[in-house]
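*Asks:* Structure here, sequence nowhere to be found:
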């Protein structure tokens with residue numbers, strides 16, 4: 001009962017990111033899953049890394065970002081290889097999964113192969 005109640009409370013706050021979402025080309029991360037609606041990318045962070053969340057290979061420009069549960073704006077920087085969402089709380093602000101909504105200038109897209117070509121791993 002406790003688990004189902006917690007899931008129900010989470011769905012009340014975040015259910016639109018699941019049920020009202022569309023197929024999402026962005027799919028690669030070690031600690032997050034993704035959905036989208038239009039040009040908004042929903043980053044479902046299930047393993048909270050602390051004050052910075054990074055998404056590699058995002059080729060679409062991020063215009064703004066916010067924590068979905070609170071609406072609080074999230075600072076970010078973006079370069080050719082990743083987007084870093086910074087200034088986040090040390091502890092996850094939502095349980096069991098925190099959602100960051102990133103408004104992009106087009107449908108969110110990710111290209112991890114381009115990163116490997118442009119920035120290959122060095123051998124030890």
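*Replies:* On my side now, so go ahead. Since the structure is predicted, the reported quantities are computational estimates derived from the model, not experimental observations. Numbers count the residues shown, from 1 in each chain.

*Asks:* which regions of this protein sit below the pLDDT cut-off?
*Replies:* 114-124 (pLDDT under 70).

*Asks:* Helices along that one, start to end?
*Replies:* Assigned by DSSP state H, the chain shows helices spanning 2-14, 16-19, 112-118.

*Asks:* separation between the residue positioned nearest the centre of the chain and residue 5?
*Replies:* Among the residues of the chain, residue 43 comes closest to the average C-alpha position under Cα atoms, centre = their mean, at 2.2 Å. Per Cβ to Cβ, to the nearest Å, residue 43 is found 25 Å from residue 5. Quick note: C-beta positions are derived from backbone N, CA and C, even for glycine.

*Asks:* go on, residue 54?
*Replies:* Taking Cβ to Cβ, one finds residue 54 at 32 Å from residue 5.

*Asks:* more neighbours, those two?
*Replies:* Neighbour count, other Cβ atoms under 10 Å: between residue 54 and residue 5, residue 54 has more, with 18 against 9.
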